[in-house]
Each structure stands twice: as C-alpha cells, then as structure tokens.
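I need the structure of the sequence given here:
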Amino acid sequence: MISLNRLYEIENMFGNHKVAVIGDMMLDGYFWGDVSRVSPEAPVPVVEIENEFFRFGGAANVALNIKTLGGIALPIGIIGDDTDSEIFLKLLQKENINSSGIFKDNTRPTTTKTRVIAGKQHVVRIDKESKNFLNDNLQKNIIEFLYQHINSISAIILQDYNKGVLTENLIKKIIQLANENNKIVTVDPKFINFKNFQNVTLFKPNRKETEDILGMRINSDKEISQAGNKLLEMLKAKYVLITLGEKGIALFENGKDEIRIPTKARKVADVSGAGDTVISTLSLALASGVSIIEAAYIANFAAGIVCEEIGIVPIEKSKLFNIMRESLK
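A predicted model of the protein is given here:
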C-alpha cells in the first residue's frame, strides 16, 4: 500500500503540526505492592505499596501521542482544583506540553482512575469523576481559547468519554469554527454525543460503539459495509473509519470504494490505548498532508505496535517508521 520510497517521504513530512485535543482529560494512577495478610478490620487483603505512579489517560493520552509522534499537542479541557490536578499539571510540564488550554473547575474532581495491583493481580480500581456537563462559563472559556489559537492549529481532535466536557452546544461551535477556518476535525466518539458530530473530516468509532448507536450486530463483512455507509449518511462526515479489533480497520468515503486494512499486531498483549493511538496518528498524518488511505495504513500499523505492549504506551515516531520500514524490506 506504501512503497519504501514513499514511506521515507511521509516520514520527512510527518509531524511539526499543532493539533488541538479537546475532550475529557484524565489521570491513570497505579499503586503496586504485595499482599501477605488479611486486614483485621474487614476480610480484605492488605496491599503493602512498593511503587506508585501516574500516567495520562483519556484525551490527555491522545495529546501525549501527538507529542511522541513529533507533533505539537495543544490539550484543551477541564481538571478539578484538587491534589490530582497538581499531579496532572506536573505531568504536562514534564512532557513539555502546553497547559494554557487546561481550565480548573472547583465543582468537579480531576477525573482519575486509580488501580491497586498486588503482584500480577489487579485488586481494585477506584474512579473519581463527574459526568455533569460543563457550565456555560467553562464552555465559553474553551471556545474563546480555541478561537484565539485557531490560526496556528492544523487539526482538532474531539476526544469524548462522556465525562461532560463535550456538550452538544460546544461540539456544534467547535465544528463550525473549524469548518469556517478549513481545519481538519477528527472524532473519537462515545454514545451520548455520537449523533452530534456532524460534518467533520473523519469519524472513528469502534465496532461496539457502531453497533450500539445503529442498533445492529456486526458479524459479517456485509454488515461492516452497511454500518459504515449508514454512518457516512447519518453524520455527513468526509471519512468514516471503523476499528474492528483483530480484523483491522474499515475506511469509508462517499463515492469511493470501501478500504479494508488487516491488523498489523503480531502478538496482542494489551489493547488499552489503541484507540487513542489510532486517532492521534490519523489526525497528525492528515495534518501533515498524507492521503487518507496512507494515514489509515500508518494508524493501523501504530495500533498494532502498541497492542504488543502491556499497559497504555504512547507510540513513538521513530519506532513506528523503523518497524514499517522493516516490514517493507
């Protein structure tokens, strides 16, 4: 699908574009330890913590992927006014990612998912979050910030986890502003706002999200084709790309033949974060001037690489292109 010479060309043009990531910013916390006794207070294990750390989750992980792919990430979203918000801001500073689009809301916690792991056993996950939609002032702050930076942005990713940042009103205003300024808009959706993402450049649901919104099961190639064309018609998107897990991806464009690309994962260890990798790579590729078919091919390759690793791991540009080159020799 891509020759070795073309891959070198793409690598040279890939990156160095600013991509805004608007959506639900999250922290992933990990507490690792061992269990040697049961608590005298209740019949539960006592985990003696040996290591603890935090990573980006949600839209923040997408922003990190943009950075590791060689782009310039501009995350735009909401955190609380709490201890976890300070951890979040320190992580942005450590990664040298611009934090000027991160606003604090003292009515909600910073969305944080904390895992307690004993040895190799995942004991419990503790979630702190609010799913309330943003108030009018916070929505106004986001749209005004985007308006101020729209000229320097090449693409906008709308990364929705149904945690309240992307409201119907905000989605409409962001897409309108982007289209008025000829900016690429890509979407990684969840159920609540699914039908509100009208007239975007690229819409990227997974198989389950597509099944849920269309009220159909997708078990055959024919049903994949039917679902993709229904989404094109429903959302009036330029492209629809459905991720199909072990079956790879399906790409749809009005008036064009459907494209299927099989998965590139050689040994799947963990699919966590693969969707973040796909939307990040697709968006930066399109911003860099790569064709949609080439962008889909590269994004599918990137997802295959991160699925071979345990945990949420951002895709590095050098690793991605080195492995793609090796596959073409």
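
residue 228 - nearest residue in space that isn't next to it in sequence?
residue 252 (3.9 Å; CB to CB, 6 or more residues apart in numbering). For the C-beta atoms, the positions are set from N, CA and C on the backbone; glycine is no exception.

continuing past the helix or strand containing the one you found, what's the next helix or strand?
If you go by DSSP states H and E, residue 252 is part of strand 249-253. Proceeding N to C from strand 249-253, the next assigned helix or strand is strand 259-261, under DSSP H and E.

chain center to that following strand, what's the gap?
Its chain's C-alpha centre and that of strand 259-261 lie 21 Å apart, by CA atoms, centre = their mean, to the nearest Å.

which residues touch that strand?
1, 221, 248, 249, 250, 251, 293, 296, 297, 300 (CB atoms under 8 Å, 6 or more residues apart in numbering).

tell me the strands beside the strand holding residue 252, with direction?
If you go by DSSP bridges, strand 249-253 pairs up with strand 239-243 (antiparallel), strand 259-261 (antiparallel).

any chance of a markdown table for these, columns distance to residue 304, mean pLDDT and mean neighbour count?
Converted to a markdown table, the strands paired with strand 249-253 look like this (distance: least, CB to CB, whole Å; pLDDT from 0 to 100; neighbours: other CB atoms under 10 Å):
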| stretch | distance to residue 304 | mean pLDDT | mean neighbour count |
| --- | --- | --- | --- |
| strand 239-243 | 11 | 96 | 25 |
| strand 259-261 | 10 | 94 | 17 |
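
among these, which is nearest residue 287?
Ranking those by proximity to residue 287 (CB to CB) places strand 239-243 first, at 14.1 Å.

export that closest one to CSV, keeping only CA atoms.
Only the C-alpha atoms of strand 239-243 are listed here, as CSV (Å, rounded to 0.1, in the frame of the first residue of the first chain):
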residue,chain,number,x,y,z
TYR,A,239,-14.5,9.9,6.0
VAL,A,240,-15.7,7.2,8.5
LEU,A,241,-13.1,4.7,9.8
ILE,A,242,-14.4,1.8,12.0
THR,A,243,-11.8,0.0,14.1
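
who touches that strand?
Contacts for strand 239-243 (CB under 8 Å, 6+ apart): 201-207, 210, 224, 227-228, 231-232, 249-253, 274-275, 278, 282, 292, 296, 303.

which of the residues you listed fall in helices?
Within the contacts of strand 239-243, residues falling in helices by DSSP state H are 207, 210, 224, 227-228, 231-232, 274-275, 278, 282, 292, 296, 303.

how long is stretch 15-25 end to end?
22 Å (CA to CA, to the nearest Å).

cool, and stretch 185-202?
Start-to-end, stretch 185-202 (CA to CA) is 7 Å.

residues in contact with the residue nearest the centre of the chain?
Among the residues of the chain, the one closest to the centroid is residue 276, at 2.9 Å (CA atoms, centre = their mean). Residues counted as contacts of residue 276 (CB under 8 Å, 6+ apart) are 61, 62, 65, 159, 188, 312.

what's the PyMOL syntax to select whichever of those are buried?
For the buried members of the contacts of residue 276, the matching PyMOL selection, counting by 16 or more other CB atoms under 10 Å, is:
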select buried, resi 61+62+65+159+188+312
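
any chance of the contacts of residue 276 in CSV, plus distance to residue 34 and pLDDT?
Shown next, in CSV, are those (distance: CB to CB, whole Å; pLDDT from 0 to 100):
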residue, distance to residue 34, pLDDT
61, 28, 95
62, 34, 96
65, 33, 96
159, 36, 97
188, 37, 96
312, 23, 74
